[in-house]
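Sharing a model that was predicted from the sequence below.
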Amino acid sequence: MSVPVIDISGDPRKVAAEVGAACREIGFLTVVGHGVPDEVVERTASAARTFFDLPDAEKRVVADGEPTPGLPAYRPLRSESLAASLGEKAPGDLKESLDWGPAVTGFGWPERPPELRGALEEYFATLSGLGGRLRSLFARALGLPDDWFEEAFRGHSSSMRVVNYPAPEGDVEPGQLRAGAHTDYGCMTILRTEDAPGGLQVETPSGGWLDVRPVPGSFVVNLGDMMARWTNDRWAATVHRVSVPPADRASGSRRQTIVFFNDPRGDAVIECIPSCVNPAHPPRYEPVTALGHVQAKAAKALGS
């Protein structure tokens, strides 16, 4: 088993069939031919790297305060345990992140680097366009009109998370990972990541772990719990994690990932898609709002 690499610039019917197969079989795919300019990615990656290199006290200025929509929030090292979202007890993850989205509450824009805000806003707008292209392929793969998802995404509540995984220092606690095993909460996640020791792994049906090797210039796409609910579990929200590099490869193992969570607007109702329901497969889930679903999952991960 492997994560398929799909060129989405090809014939939409063929591409939709390939996308649908990946969503059914593994819930992950790597996309190329996406049209996102490399310079947009590099500006964001460079600005984020500069932010994470700042002194801890300076980063923590935007880690707490009066929560306000549309401002970033810094999550320090070990402040989140993603495994808790699946009910597992585990030490805090060995990562730090900066979260931002127009509908996300945070505490302020960092003073440094000054180019960070513009880079995040440009990346958000660009990846929103890629999300639209992927949603149309999803719809076609499910036997729906190409624009079936678009009403729910009018005024979408998507967000970004730039994650820094520093090279581990000292002893790693039992069960501690860079990111604990979890499923994503929302509809679709689009990742740009780096190839370094201690990377993304996907759980296989046999319970093993499959390394996801980044293809240069590509994005890794995976489905979240919300899409699994929408498709009545026809498509998978696959458990994944970020491993800790072996001790002999820890030096130089720092890696950074730019995450784009493409989610509907908060009041959109998520209920089983008609083409995914029949007498043999009745709806498995009650309708829920997109915001209510994501908030319930995030509260578990943050220990709320």
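Received, thanks.

Which strand residues bridge Asn262?
Note on Asn262: beta-bridge partners by DSSP bridges are Met188.

Go ahead and confirm it touches Gly129.
No: look at Asn262 against Gly129 with CB atoms under 8 Å: they stay out of range, at 10.5 Å. In short, each C-beta sits where N, CA and C put it, glycine included.

So which of those two has more stuff around it?
Asn262 (24 against 12; other CB atoms under 10 Å).

Mind telling me which residue is nearest the centre of this protein?
Thr189 (3.7 Å; CA atoms, centre = their mean).

mind listing what that residue touches?
Neighbour list for Thr189: Val221, Asn222, Leu223, Gly224, Val259, Phe260, Phe261, Asn262 [criterion: CB atoms under 8 Å, 6 or more residues apart in numbering].

can you pull up the bridge partners for the first one?
Residues found in beta-bridge contact with Val221 (criterion: DSSP bridges) are Leu29, Ile190.

Report the contact partners of it.
Phe28, Leu29, Thr30, Val31, Leu134, Met188, Thr189, Ile190, Leu191.

so how far is Thr193 from the first one?
Separation of Phe28 from Thr193 (CB to CB, to the nearest Å) stands at 12 Å.

More neighbours: the two, which one.
Between Phe28 and Thr193, counted using other CB under 10 Å, Phe28 has the larger neighbour count: 23 against 20.

from what I can see the more buried one touches Ala21, true?
No: with contact defined as CB under 8 Å, Phe28 does not count as touching Ala21 (11.9 Å).

need the helix or strand of the chain with the lowest average pLDDT.
helix 290-301 (a mean of 78; mean pLDDT, DSSP states H and E).

by contact count, what packs against it?
helix 225-230, strand 269-270 (3 or more CB pairs under 8 Å, 6 or more residues apart in numbering; DSSP states H and E).

10 Å - rerun?
On a contact count with 3 or more CB pairs under 10 Å, 6 or more residues apart in numbering; DSSP states H and E, helix 290-301 meets strand 179-182, helix 225-230, strand 269-270, strand 288-289.

from the chain's centre, how far out does it sit?
14 Å (CA atoms, centre = their mean, to the nearest Å).

same check, this time on stretch 102-118
19 Å.

Now it: average pLDDT?
For stretch 102-118, mean pLDDT is 95.

Same question for stretch 190-197.
On average, stretch 190-197 scores 93.

measure that stretch end to end?
Stretch 190-197 has an end-to-end distance of 21 Å (CA to CA, to the nearest Å).

What are the buried residues along that stretch?
Within stretch 190-197, the residues that count as buried by 16 or more other CB atoms under 10 Å are Ile190, Leu191, Arg192, Thr193, Ala196, Pro197.

biggest separation within the residues you listed, which pair?
Farthest pair in the buried residues of stretch 190-197 (CB to CB) is Ile190 and Pro197. Separation: 23.3 Å.

quick revisit: would you list the helices and strands packed on helix 290-301 in a markdown table and tack on mean neighbour count, distance to Leu116 and mean pLDDT?
Compiled in a markdown table, these are given as follows (neighbours: other CB atoms under 10 Å; distance: least, CB to CB, whole Å; pLDDT from 0 to 100):
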| stretch | mean neighbour count | distance to Leu116 | mean pLDDT |
| --- | --- | --- | --- |
| strand 179-182 | 22 | 22 | 92 |
| helix 225-230 | 23 | 28 | 95 |
| strand 269-270 | 16 | 32 | 96 |
| strand 288-289 | 16 | 31 | 94 |
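
Turn these into TSV, columns for distance to Pro76.
TSV is the format used below for these (distance: least, CB to CB, whole Å):
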stretch	distance to Pro76
strand 179-182	15
helix 225-230	26
strand 269-270	32
strand 288-289	30
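
if we compare these, which one ends up closest to Arg241?
strand 179-182 (4.2 Å).

low-confidence ranges in the stretch 201-304 of the chain?
Along the stretch 201-304 of the chain, the parts satisfying pLDDT under 70 run over 300-304.

right, and Ala45 touches Leu116 too?
No: if you go by CB atoms under 10 Å, Ala45 and Leu116 don't touch, sitting 11.2 Å apart.

shaky segments in the stretch 51-200 of the chain?
In the stretch 51-200 of the chain (pLDDT under 70), no residue qualifies.

And the strands in it?
Taking DSSP state E, counting those that start in this stretch to define them, one finds strands in the stretch 51-200 of the chain at 68-69, 73-75, 96-100, 105-106, 159-165, 179-182, 188-193, 200-203.
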